[in-house]
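Chemist: next one to model:
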Amino acid sequence: MASRTRRHGPATTARGGSPRRRLPMRLLLPMLLLVALVAMLMLRGYVHSEILADHRIQPEAATDKVPEKILDGGPVIDTRSGRTTSLKVPDHRLVLTFDDGPDPTWTPKVLDVLKKHHAHAVFFVTGTMTSRYPELVRRMVDEGHEVGLHTFNHPDLSYQSKSRIDWELSQNQLALAGAAGIRSSLFRPPYSSFADAMDDKSWPVTEYIGTKGYLTVVNNTDSEDWQKPGVDRIIRNATPHGGKGAIVLMHDSGGDRHQTVEALDTFLPEMQEKGYRFDNLTEALDAPSALTPVTGVDLWKGRAWIFLVGASDDITGVMVVALAVVGATVIGRFVLMLLLSGAHARRVRRKGFRWGPPVTEPVTVLVPAYNEAKCIENTVRSLMASEHPVEVIVVDDGSSDGTARIVEAMGLPNVRVVRQLNAGKPAALNRGLANASHDIIVMMDGDTVFEPATVRELVQPFGDPKVGAVAGNAKVGNRDSMIGAWQHIEYVMGFNLDRRMYDILRCMPTIPGAVGAFRRSALERVGGMSDDTLAEDTDITMAMHRDGWRVVYAENARAWTEAPESVQQLWSQRYRWSYGTMQAIWKHRRAIVEKGPSGRFGRVGLPLVAMFMVVAPLLAPLIDVFLLYGVVFGPTQKTIVAWLGVLAVQLVCAAYAFRLDRERMTHLISLPLQQILYRQLMYVVLLQSWITALTGGRLRWQKLRRTGVVEAPGGPVPSQRTRSSDRRPVA
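Modeler: I've put the predicted structure just below:
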């Protein structure tokens, strides 16, 4: 039921006068948000070496192309400006070097020990770890240590192209600039060893690194701390012989380094007593510092990089927590639905179950209609076949297609037409209520048809004087298209299974506009239908709860409605539903702090509705974002298994819902595709509703295009399954 203006998205005029449509804001904002989230996830994956990481290690190769003076020389190799020289550390000088950090656990402990014993060292840091823990690099520099490059992602450079090598170096420098405002001319290749281990694969890389202005630093003493051989063994391995100087290889990252820390605390004072000094490299070589300050644009680029990396980690962390919340919520909801919906079905199907004395008195059926010429005859004739006595009032809300004339021309008994100027669905229902003759009011849409038993089944719960409203079982009649089949799954699994659960919990949030019944006195007590929200059915249901009435679900009161048949129509309908639900939650928010029935609904019903209908669906696409990331960047197998597990849980719930509703299982074939595509559409719709709500936007009623193809199975309505030119494809 709708407002009767159709709004178009913004358009511009291209050269020559032809209109050129721009991407509507409802699509642009969600797309920008999704792109930003994916970009943050990709950045986080890159910094954590999940993207572009290369873990190949080159096997030993021949050494005939490596100069002898390099193989027999010292651990500092200088190939700058065409040189081919190497340097050794002077006697009684030790240069401790630590690879692969900084590590948030072990690097501070190493720094503490070095500071305790007044020793300096060189830390060869990776860009990934520097980007994640910049404060540790700042501490290294502030405490007099030197920092060298160890590439960004720690690949074996002998496998890499020159452009990849340049990228590794520049990204490593970018991280250093952002972390400590410096750049370094020291470089250590990943997986390097002694100078005599240089071979024909690694030597060309060393020569190329020199052309970029770097000193290549390997080592001539390996503590082998990475093997965790024990503190004593690490000390023996790190101790040079005969008072010679050495560059000692250690690690402050890459695993548990407690043996390294303990060994340092013993090794440093022992060697200092023997006359050794622990300097950084340029101190040991009496050379200018390898660190130079970065200023200007390069400094700000580095700081921006560190900020983005931190933001990506934070955002991804929030996404992971949100995903865990969504997963727990979805699983919890499924378990709750299975248990409570089963309890509901057992209760109402129990032999001899009665709501109370049989309800046999006539009821009034209100049919608000606006431009329902294609559907209204089917609707009215289905009511005339009712097994329960009915008075039918069709409220024509300013139709321009002859809807009222069609009903009047049918000349059916107990059918009246009430005309009014276009005022919207709530006004039409209130007008019908004022003209009703009976105490029980059934409401339906003008595009819906009832089965002969629908009205009788719908009104029986009023045998219980505590019942103020009854929700019927809305079914999708036009389920022969893909988008119709998806909505069919949603109606059976999402709506009707939910209603069974909410019935048991006594907090039903919505009486569907397609099939619902109300006690007239209950409607009058809450002031009738309100136009405060776009979801008048949710609004009136919440008002009923707050007034102390029970709202229940009648599973056998089936109504067949025409669901939207195009993405645009579905978008319009769900946008109105989502935004209207948010409005209703906000309107009834005071129920949370009130006492009595209103407070019970506010503290039980409103949180469930907000969580399951507003918050969880908005976060659900995180599952698909992480699925895509995991499939592309790994761990692929675990990711697919996890997603299939979630899908299996949903399939079990859907199959159970279909079994309760006695529906054919064949439609569940499209469930996996529904979860991938349909859920994204609902996500964007809900996000748009959030944006509208937060910006204070207004949304009008929107009229959906109908085709009149729905009829009640087994009912008296003549078949109209001929193809209509108004029916549109899914996309």
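
Chemist: which residues sit against stretch 268-278?
Modeler: The contact list for stretch 268-278, computed with CB atoms under 8 Å, 6 or more residues apart in numbering, reads 92-96, 113-114, 117, 119-121, 235, 239, 243, 284. (Each C-beta comes from the backbone N, C-alpha and C, glycine too.)

Chemist: tell me which residues in that stretch are buried?
Modeler: Neighbour-count burial for stretch 268-278 flags 268, 271, 276, 277, 278 (criterion: 16 or more other CB atoms under 10 Å).

Chemist: need the longest helix for this structure.
Modeler: helix 296-348 (DSSP state H).

Chemist: next helix or strand past that helix?
Modeler: strand 363-369 (DSSP states H and E).

Chemist: before we move on, the earlier item: centre of the chain to the longest helix of the chain, how far?
Modeler: From the chain centre to the centre of helix 296-348 is a distance of 6 Å (CA atoms, centre = their mean, to the nearest Å).

Chemist: who are the packing partners of it?
Modeler: Helices and strands touching helix 296-348, by 3 or more CB pairs under 8 Å, 6 or more residues apart in numbering; DSSP states H and E, are helix 25-47, helix 127-132, helix 162-180, helix 497-505, strand 550-561, helix 616-619, helix 621-633, helix 636-660.

Chemist: and of the buried residues of stretch 268-278, the nearest to residue 364?
Modeler: residue 268 (93.1 Å; CB to CB).

Chemist: is the closest one located within a helix, as I assumed?
Modeler: Yes. Using DSSP: H, G, I helix; E, B strand; the rest coil, the assignment for residue 268 is a helix.

Chemist: over to residue 65. Which of the three states is it?
Modeler: Strictly by three-state DSSP, residue 65 counts as coil.

Chemist: show me just the buried residues among the contacts of stretch 268-278.
Modeler: Applying 16+ other CB under 10 Å to the contacts of stretch 268-278 flags 93, 94, 95, 96, 113, 114, 119, 120, 121, 235, 239, 284 as buried.

Chemist: quick check: the two most widely separated of the residues you listed?
Modeler: 235 and 284 (20.3 Å).

Chemist: hey, where'd the helices end up in the stretch 101-250 of the chain?
Modeler: Listed from the start of the chain, the stretch 101-250 of the chain has helices (DSSP state H, counting those that start in this stretch) covering 106-116, 127-132, 134-142, 162-180, 203-211, 231-238.

Chemist: kindly format the C-alpha coordinates of the longest one as PDB.
Modeler: What follows is the C-alpha trace of helix 162-180 in PDB, where atoms were taken according to Å, rounded to 0.1, in the frame of the first residue of the first chain:
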ATOM      1  CA  LYS A 162      64.600  -6.500  -9.700                       C
ATOM      2  CA  SER A 163      61.200  -4.700  -9.400                       C
ATOM      3  CA  ARG A 164      60.200  -7.000  -6.500                       C
ATOM      4  CA  ILE A 165      63.600  -6.300  -4.800                       C
ATOM      5  CA  ASP A 166      63.000  -2.600  -5.200                       C
ATOM      6  CA  TRP A 167      59.500  -2.900  -3.800                       C
ATOM      7  CA  GLU A 168      60.800  -4.900  -0.800                       C
ATOM      8  CA  LEU A 169      63.400  -2.300   0.000                       C
ATOM      9  CA  SER A 170      61.200   0.800  -0.600                       C
ATOM     10  CA  GLN A 171      58.400  -0.700   1.600                       C
ATOM     11  CA  ASN A 172      60.900  -1.500   4.300                       C
ATOM     12  CA  GLN A 173      62.200   2.000   4.200                       C
ATOM     13  CA  LEU A 174      58.700   3.400   4.200                       C
ATOM     14  CA  ALA A 175      57.900   1.500   7.400                       C
ATOM     15  CA  LEU A 176      61.200   2.700   9.000                       C
ATOM     16  CA  ALA A 177      60.300   6.300   8.100                       C
ATOM     17  CA  GLY A 178      56.900   6.000   9.600                       C
ATOM     18  CA  ALA A 179      58.100   4.200  12.800                       C
ATOM     19  CA  ALA A 180      61.200   6.200  13.700                       C
END
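
Chemist: contact partners of it?
Modeler: 125-127, 130-131, 134-135, 137-138, 140-141, 147, 149-153, 155, 157, 160, 182-184, 187, 205, 208-209, 212, 214, 294, 298-299, 301-307.

Chemist: related to what we said a few turns ago, any idea which of the helices and strands packed on helix 296-348 is most buried?
Modeler: helix 127-132 (a mean of 27; mean count of other CB atoms under 10 Å).

Chemist: distance between it and the chain's centre?
Modeler: Worked out by CA atoms, centre = their mean, helix 127-132 lies 26 Å from the chain centre.

Chemist: stretch 167-181 too?
Modeler: Worked out by CA atoms, centre = their mean, stretch 167-181 lies 32 Å from the chain centre.

Chemist: try stretch 523-542
Modeler: On CA atoms, centre = their mean, the centre of stretch 523-542 falls 33 Å from the chain's centre.

Chemist: need the pLDDT of the closest residue in space to residue 144 that isn't next to it in sequence.
Modeler: Closest residue to residue 144 apart from its sequence neighbours, by CB to CB, 6 or more residues apart in numbering: residue 120 at 5.2 Å. Looking at residue 120, its pLDDT reads 97.

Chemist: of the helices of the stretch 101-250 of the chain, which is nearest residue 361?
Modeler: Of all those, helix 127-132 comes closest under CB to CB, at 72.8 Å.

Chemist: quick one, which of the helices of the stretch 101-250 of the chain is nearest to residue 643?
Modeler: helix 127-132 (27.5 Å).

Chemist: alpha carbons of the closest one, as CSV, please.
Modeler: Extracted in CSV, the C-alpha atoms of helix 127-132 (Å, rounded to 0.1, in the frame of the first residue of the first chain):
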residue,chain,number,x,y,z
GLY,A,127,58.8,-4.1,7.1
THR,A,128,55.8,-6.2,8.2
MET,A,129,56.9,-6.3,11.9
THR,A,130,58.0,-2.6,11.8
SER,A,131,54.6,-1.6,10.5
ARG,A,132,52.8,-3.5,13.2
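
Chemist: what comes into contact with that helix?
Modeler: 47-49, 100-103, 137, 151-154, 168, 171-172, 174-176, 178-179, 253, 305-306, 309, 313.

Chemist: how about residue 364, what does it touch?
Modeler: Contacts of residue 364 (CB under 8 Å, 6+ apart): 390, 391, 392, 393, 432, 436, 437, 438, 440, 441, 442.
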